[in-house]
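A.B. asks: Have a look at this prediction, sequence included:
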Amino acid sequence: MTNSLPAATAETGANAPIVVVDGVTKRFPGVVANDDVSLSIYPGEVQALLGENGAGKSTLIAMLSGMLQPDAGAIRVRDQATAISSPRRALELGIGTVYQHPTLVPTLTVLENLMLGAPWHQRMNRAATRRRLGEISEMLGISLPEDATLGDLSLGQQQQVEIVKALWRGEQVLILDEATAMLTPKGVEDLGQVMGRLRDAGIAILFITHKLNEAVRFGDRVTVLKLGRKVGELTPDQLAALGEDQAITRIVDLMFGTASPEGAGGDADRNNSRLIDGPVVLSADELVAAAGPGEPAVSGVAFQVRAGEVFGIAGVDGNGQKQLAEALAGQRRIVGGSLSLKSEPISGLSVVQRQRAGLRYVTDDRLGEGTVGTFQVGLNLLLKRIGDEPFWRNGTIRKREVERHARTLIDRHDVRTPGPQTPIGRLSGGNIQKALLARELDNAPIAVIYNKPTYGLDANNIQFARRAIREQADQGVATVLISTDLDEILELSDRIGVMLQGRMVGIVDNDRDAQRRVGELMIGVGAAA
Amino acid sequence: MTADAGTNDPTPTAAGLSGQGTGMPEWLVRIVLALVPILLALIVGAVILLLLGRDPISFYVNIVRRGLISWIGLQETITRCAPLILLGASLIVAFRAGLWNLGIDGQFLLAAVITAALSASMIQSVPAWIVLPVGMVAGFLVGAVWSLIPALLKAYQGVNEIVTTLMMSFLGVSLANVLIKIPFNDPNTTVPQTLTLATDDRLPRLFGTTINIGVVIAVVVILVVHWVMTRTAFGLRLQTVGANPKAALHAGLSVPLLTVVTFGLSAGLAGLAGSVEILGVWGNVRADWNPGYGLAIIPLVFLARFNGIAVIGFTFFFAMLSIGGETASRRADLPNYFVLVLVALILIFMALTEWLSHRRALARRA
Amino acid sequence: MSGLLSDAFLISLVAGAIAAGIPLLLAGLGEQVSEKAGVLNIGIEGMMLLGAYTGFYVAFLSGSLWLGFLGGAVGGLILASLMALLCVRLGLNQIVIGIALTLGADGITALLHHVQFSRTYPRLPAVDTLPIPLLSQIPIVGPGIFDRHPSVYLAIIAVFVLVWVFRRTNVGLNLQAAGDKPAALDAAGVSVTTTRTLAVLFTGMMAGLGGAYMSMIGAGIFIPFMTGGAGFIAIVLAMLARGHPTWVLYGALLFGASLSLTTALQVGGVNVPTDVVQMLPFAMVMLVLVIFARRSALPAALGLPYVRGQR
């Protein structure tokens, strides 16, 4: 299960784990979210649980906090095998959780949020609540405005309230799920200090993150999840022995590298960069995209993609990749800079116009926006061409044409479906993705943007999707491949751009040295090439 | 609530209703799923009748005899279908696009009043074959205009259309009465009412029956609506917005524009229903007349799973219940409202059947 | 002093505002609780009507208004428990079920009324009032507000009880969390389903009381369909009041006043069609919605069934 690193089960001294996760498996329809995961959580220690989105971190936390039940395996708390059957049970066991999505009520005050959950017949005891808040605040070294409405506080402060709440009944285990995701750098610093104080107070902390540098900075122990499996663990001793730089290299290996149990064939020769001399097809210059509140703001992005070239965009998830993709596809307004397709400016064109011009977007949100689950496969395959000839004539559908089209694409892309009329929501994730690829790659694409095209798929479907991407590129399609899976980027790309905080911080050729340079750019340590 | 239509999930079709594994063809499953709630409702209704000391068998027999078998009754039933079918068409448009147009009563009544006033005054100078279509177009427009505020608020501000359409409905009903009593009042009658369109000038009747061509118009309209919804690009766009607004944006559809258009069509059809009822049956509108078809027709449209052809069937069934129910109720010394109880029961059993079949489908998949 | 500002006009207006406003107030307060908890209770119209019937029936049989109120509350509760079972427990569509319950109540009360009262049309005797010393002596508003059946005072007290519940009790916190962030309530270890079920039951009770007031005290008689959309108005009042019980009170009185304005105007010697006046409150609501479109926010999870683990 674990990788080449020595599996670290050696316990540090007299310190016995307070929570042990033992071979836990959790399945969802079409996905194995956690596959035989084991780890131990120790008092007085910050354990960083590192992994990309979709690695299974949230599922693991949901099981520790009583929101989900494992399908197999067991969780032991203080050496007792325990079913954590509900959030209340988790609290009783002394496990407090700060969720990635805030679980406080924005319309209540800080104090009221802390009182939430008391038996209904009990009197509200504001004085006692204030006192307890004072105690915990002191332990954390923070101060909170008790009577302010929660929604009016900064996100950092809201999170502090979450932490206070998670420790309310003297919980000994604190789970922090992507706690830094919405914080400012200052907020992250503050959180680090809070965690330090808690560790010193003997609390066991499980700090979940997808940011490598945070894991190394705050974690006494680092555990890496990948695609639902635990791929490695660095114990405190190992971390101390390695030093920060080497530790990072080691973890990058675990997360993205060949150490992965299902790496991309382990080809040692990484020089995938081909000589592409086709004309420039897609060109972005100083692109600025509109951003809503809480979204990463894409600005100053510039790149060019030639016909037949695969331009990979790497980066830790949530650094503006999705927003960039939406801006390219026309779903998000471009407020500055220029975007052109075959030298024609297209910033002002609508989604449909860009689609007709040959620019395609394979979204990562397959069920949320890519398809209409209740519609049949055949219609989903034409979702972006509603009303077009020959499938509609004078606005009227021609079922035979739709079906013929569907059968052609189903055959070409090997979509496993009972038939073209099956609602697409009934298909597996892999087949839905095949259908999406079929739709976007049909009808003479010129440039295609793939956003996490293999996210959540099984190995077969991953291979299938990657082959399709490659074949399209070989036929001269200018390809933008956005992925958080560095293996994938390295396997397919000719050149690689790296996104960090909404900007493209560097573009490198995909040569032998690419993995290291891209990894460094992703966490903000490398200089632009 | 962000007033997101998708979250209201008015699309009980599709998922979970297939006959997979039962060996029954899909259409048969659907018919069974529609008939079971009706049967259960009739049984519970019979129990209620028994409790009231009435004979349920003779009650139901009387309904069928009067509403279906007697020639006069059948003509009434068919005539009654016209406005109901048009309202059904109106709701199909809105519900398929995921919008709750709960204001059809106001749209219906306002259109009825304006149609009555307009046609009765026009007829003095213009031949009927012009007046009648003009009246219908006017009714359609009045309905559409009355939905404009909820439509714009929904499309561009995300304001929950349930509240706004309900409010506009109450407003519409009151405004209709104001119009009847003040500007459009016929000075020659004691009871406030609009001018009357003479019987000869109303919609022509079919082959010496009492059935006017309103029902033909209604059937044609709902078939067209059904065809538009199931066979055209426009209908597919509407349904995409209704089923998954995010997917609609992804596919480059203009969701706000489609929302406004949907509201206009839906409310327009409700207005047309009012016009047809006036031009075909009544010829005028009296103060405080409000048949309140809205609440009764909404469940029927759900029962028909937004299928236009099925709506015709259910509407006929409901019209038969109401027409036959009048006589059956009179014979049993009951008010006619028993039909409402039946409709309510059907609706509740339908929702339960839906839930059960959905559960079974989920259980099978797992 | 004649016409608009005559004493007769004002007294009639105040009295009418109370008479028409109290049922709206009770139902609106009830609806506010279930909306706060995230359930849009469209069936409230039916709950009012059933309460109006059962209230009247019990009062007629027993001769006691208080037993009548109890009967009204039970009537509302019966429908509310159906609503809670179907919508909160089973997660069925709140709007479809709400309409079904309203239709059912329309039909069943009309039936029962016909079977029992259609020949006799019995009336309850005029109610005894409980004049509040001194206050009831105030000219104009005195008799309109402070010389009333005790239930009127109780209804107004209920407003402040709810203010207290919302602001000062754990129940209030739970309700708000269930509507604004059900996951937070769940994470805090309180059952969202139970909270919402109780909220819906409370709504039913209050709607039943409102209906009972309408038939027993407002009209003194039960008439089929007598609620005439009052439940829908209550829904809107609750929505616009956005969690403030006192706003429901003001709104109910305002609606009540405009509903009674016609009568008052006639008393004052001015003849205006009822319908013009009846449009006022709805027009006002629309105006408010148009102006404050963006801010007419409803509880975030309103109308949505809660499923643990779904975001």
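C.D. replies: Structure's in. What do you need?
A.B. asks: Quick check: residue B:306 vs residue C:174, distance?
C.D. replies: The gap separating residue B:306 from residue C:174 is 37 Å, by CB to CB, to the nearest Å. Quick note: C-beta positions are derived from backbone N, CA and C, even for glycine.
A.B. asks: Kindly apply the preceding question to residue A:300 instead.
C.D. replies: Taken as CB to CB, the span from residue A:300 to residue C:174 is 48 Å.
A.B. asks: What of residue B:294?
C.D. replies: Residue B:294 is 36 Å from residue C:174, by CB to CB.
A.B. asks: for residue B:107, same thing?
C.D. replies: 40 Å.
A.B. asks: do the same with residue B:26
C.D. replies: As defined by CB to CB, residue B:26 lies at a distance of 44 Å from residue C:174.
A.B. asks: picking up where we left off before, have a look at residue B:294 and residue C:174 and say which one is more surrounded.
C.D. replies: A direct count of neighbours by other CB atoms under 10 Å in any protein chain shown for residue B:294 and residue C:174 places residue C:174 higher, at 27 against 23.
A.B. asks: So which bits of chain A are right by chain C?
C.D. replies: A:62, A:65, A:67-68, A:86-88, A:91, A:97, A:99, A:101-108, A:112-113, A:115-124 (CB under 8 Å from any CB of the partner chain).
A.B. asks: And the residue of the stretch 251-400 of chain A that's closest to chain C?
C.D. replies: Using CB to the nearest CB, residue A:368 is the residue of the stretch 251-400 of chain A that sits closest to chain C, at 11.4 Å.
A.B. asks: List the contacts of the residue nearest to that residue when sequence neighbours are not counted.
C.D. replies: Spatial nearest neighbour of residue A:368, chain neighbours left out: residue B:246 (5.6 Å); criterion: CB to CB, 6 or more residues apart in numbering or on different chains. For residue B:246, the contact set (CB atoms under 8 Å, 6 or more residues apart in numbering or on different chains) comprises A:365, A:368-369.
A.B. asks: Tell me the most packed of the residues you listed, by neighbour count.
C.D. replies: residue A:369 (19 neighbours).
A.B. asks: Would you mind listing what in the stretch 101-250 of chain C touches chain B?
C.D. replies: Going by CB under 8 Å from any CB, the residues of the stretch 101-250 of chain C near chain B are C:101-104, C:106-108, C:110-111, C:113-115, C:118, C:224, C:229, C:232-233, C:235-236, C:239.
A.B. asks: Only whichever of these are buried, select them in ChimeraX.
C.D. replies: Typed into ChimeraX, the line below selects the buried ones among those, using 16 or more other CB atoms under 10 Å in any protein chain shown:
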select /C:101,102,103,104,106,107,108,110,111,113,114,115,224,229,232,233,235,236,239
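A.B. asks: out of the residues of the stretch 101-250 of chain C next to chain B, who's near chain A?
C.D. replies: Residues of these in contact with chain A (CB under 8 Å from any CB): none.
A.B. asks: show me where pLDDT drops low in the stretch 1-150 of chain C?
C.D. replies: Within the stretch 1-150 of chain C, the segments meeting pLDDT under 70 span C:1-6, C:140-144.
A.B. asks: if we go to 90?
C.D. replies: C:1-20, C:35-36, C:38-42, C:63-64, C:86-100, C:103, C:106-107, C:110-150 (pLDDT under 90).
A.B. asks: The stretch 1-150 of chain A now?
C.D. replies: For the stretch 1-150 of chain A, the ranges with pLDDT under 90 are A:1-17, A:26-35, A:50-59, A:61-62, A:65-69, A:78-93, A:96-108, A:112-129, A:132, A:134-150.
A.B. asks: Same question for stretch B:345-357: list its buried residues.
C.D. replies: Within stretch B:345-357, the residues scored as buried using 16+ other CB under 10 Å are B:345-355, B:357.
A.B. asks: again, but for stretch C:147-154
C.D. replies: Under 16+ other CB under 10 Å, the buried positions of stretch C:147-154 are C:147-149, C:151-152.
A.B. asks: Just confirm residue A:315 contacts residue A:501, I think it does.
C.D. replies: No: counting by CB atoms under 8 Å, residue A:315 stays clear of residue A:501, with 9.2 Å between them.
A.B. asks: and those two? which has more neighbours close in?
C.D. replies: Just comparing residue A:315 and residue A:501: by other CB under 10 Å the higher neighbour count belongs to residue A:315, 28 against 15.
A.B. asks: And for the more buried one, nearest residue in space, chain neighbours not counted?
C.D. replies: residue A:499 (3.6 Å).
A.B. asks: ok now the helix or strand containing the one you found, how far from the chain's centre?
C.D. replies: Assigned by DSSP states H and E, residue A:499 belongs to strand A:495-500. Relative to its parent chain, strand A:495-500 has a centroid offset of 17 Å by CA atoms, centre = their mean, to the nearest Å.
A.B. asks: And the helix or strand following it, what does it pack against?
C.D. replies: Note on strand A:495-500: by DSSP H and E, the next helix or strand toward the C-terminus is strand A:503-509. Counting contacts by 3 or more CB pairs under 8 Å, 6 or more residues apart in numbering or on different chains; DSSP states H and E, strand A:503-509 packs against strand A:301-306, strand A:495-500, helix A:514-522.
A.B. asks: Skip the chain neighbours and tell me the closest residue to residue B:280.
C.D. replies: The nearest residue in space to residue B:280 (CB to CB, 6+ apart) is residue B:214, at 3.5 Å.
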